[in-house]
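Enquirer: predicted model, plus sequence, below.
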Amino acid sequence: MKTVMLVFGTRPDAVKMCPLLLELRSRDHFNTVALVTGQHRDMLDGVLRAFGVTPDYDLGVMREEQSLFDVTSRVLDGTRRVLSSVRPDAVLVHGDTTTAFAAALACFYENIPVCHVEAGLRTYDVRSPYPEEFNRRAVSLISRYDFAPTELARDNLIKEGKCAEDVFVTGNTVVDALHYTLRDEYTHPCLEWASGSRAVLLTMHRRESLGEPMREALRAVRAVAEAREDVKVIFPVHRNPAVRTAAHSVLDGCERVLLTEPLDVVDFHNIMVRAHLILTDSGSVQEEAAALGKPTIVLRDKTERQEGVASGVLLPVGTDFSSVTDALCDLFDNVGLYARMSASKNPFGNGEACRKIADVLDKIL
Ligand code: UD1
Ligand code: UDP
């Protein structure tokens, strides 16, 4: 029996790896081991609970206000210890977090094959998003097999010299996750608070936006919410203290903006599908919005989710005050634009990514 180890540790990679873990665990011929790094703590644990997943190993690396040095060195060292006791036949890492980079590096040093899930996303600006563009490119140097969510991601990898037979286009596992979380009948206190208004769901946390860019975007949100009586903004605030400080200093006292704790993923997805529009700098939320056909203003200068821009559902505007207010007002007032964005086709697959990845692993291992 082949042993496959999945390594993840933040909220987004957990959302995207848990459905794959469940798929692999349902196949008796794999010995499937889950190592969570605990790069995130409560935000990771909530996702594990939502998917009913118990990890086999937990490195518990998170510290308040951790630096990239802290996360990299703890994940590298912790993964090394688990690898030497488990000796897996292959290790699956996800995307572009420091968990993925450091775990892949540990596998490289131990000569264990790495399979990269959500491979091939690129902005080709190593500083944006930071440090994620570096992380995912570094994983590509190490990975033996790549699971690309789209043809565009596959093409990026081929252009960089990866062998075409070792790159598989599967769709994004985030669509599989949505199949697991979405409910027909659903309500939540945040939705009740926003009922009768056009609800905007907002998230913001990127390192490159911390400080003035984030404050400027949030000031724009406040200005629009204060000017429009039919708009309410739901903002589940990331646990990063730098994000919390910015959110509270700019938005406290604005009665049409609700600052909440991070939402459980089942709640987040169900609120998303019922919101009027999304405002985000998140990577995964862009994919979820594209899969759901939910018009989304992207608070970034660059996005690696170009498929969503091409399909028409994502509108990248950066963080300037006037760009954000203009985009919001346009989307509220221009019915044709809103309808066109809502009608876009999902470019991230049909929810079969986990099955496809497991089928490939069956063949290659
Ligand atoms: C990380 C990822 C980023 C991803 C994001 C998802 C890296 C370099 N960055 O960024 O790609 O988009 O996760 O959210 O891997 N914290 C808590 N509780 C939690 C989680 C975080 O208190 O459950 C706080 C801690 O103070 C922590 C800080 O948030 O030090 C930052 O967490 P960290 O994982 O270092 O960076 P993120 O900005 O979350
Ligand atoms: N998410 C969540 N609760 C929230 C906000 C986001 O469960 O309050 C989910 C969201 O559905 C997506 C993931 O967390 O699956 C996105 O995580 P984040 O934006 O932190 O990271 P990124 O995708 O940018 O790396």
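Expert: Alright, I've got the coordinates. Ligands and ions are numbered 1, 2, ... in the order given.

Enquirer: alpha carbons of the top helix by length along the chain, as CSV, please.
Expert: Assignment by DSSP state H gives helix 68-86 as the longest helix of the chain. Presented in CSV, the C-alpha positions along helix 68-86 are these (Å, rounded to 0.1, in the frame of the first residue of the first chain):
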residue,chain,number,x,y,z
LEU,A,68,8.1,34.6,7.6
PHE,A,69,11.4,33.4,9.2
ASP,A,70,9.4,31.9,12.1
VAL,A,71,7.0,30.1,9.9
THR,A,72,9.6,28.9,7.4
SER,A,73,12.0,27.5,10.0
ARG,A,74,9.4,25.8,12.1
VAL,A,75,7.6,24.2,9.2
LEU,A,76,10.9,23.0,7.7
ASP,A,77,12.1,21.5,10.9
GLY,A,78,8.7,20.0,11.9
THR,A,79,8.1,18.5,8.5
ARG,A,80,11.5,16.9,8.5
ARG,A,81,10.7,15.1,11.8
VAL,A,82,7.4,13.8,10.5
LEU,A,83,8.9,12.7,7.1
SER,A,84,11.6,10.7,8.9
SER,A,85,9.0,8.7,10.9
VAL,A,86,6.3,8.3,8.1
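
Enquirer: which parts of that helix are buried?
Expert: By neighbour count on 16 or more other Cβ atoms under 10 Å, the buried set for helix 68-86 is 71-72, 74-76, 78-80, 82-83, 86. Every C-beta, even on glycine, is put in place using the N, C-alpha and C of the backbone.

Enquirer: for that helix, packing partners?
Expert: Helices and strands touching helix 68-86, as assessed by 3 or more Cβ pairs under 8 Å, 6 or more residues apart in numbering; DSSP states H and E, comprise strand 2-8, strand 30-36, helix 98-110.

Enquirer: could you rerun that using 10 Å?
Expert: Helix 68-86 sits against strand 2-8, strand 30-36, strand 57-58, strand 90-94, helix 98-110, helix 132-142, with contacts defined as 3 or more Cβ pairs under 10 Å, 6 or more residues apart in numbering; DSSP states H and E.

Enquirer: what's the most buried one of these?
Expert: strand 90-94 (a mean of 28; mean count of other Cβ atoms under 10 Å).

Enquirer: off-centre distance for that strand?
Expert: 17 Å (Cα atoms, centre = their mean, to the nearest Å).

Enquirer: got the angle between it and helix 132-142?
Expert: 160 degrees (axes from the mean of the first three to the mean of the last three Cα atoms, to 10 degrees).

Enquirer: got a pLDDT number for the residue nearest to the spatial centre of the chain?
Expert: In the chain, the C-alpha closest to the average C-alpha coordinate belongs to Ser284, at a distance of 2.9 Å (Cα atoms, centre = their mean). Looking at Ser284, its pLDDT reads 98.
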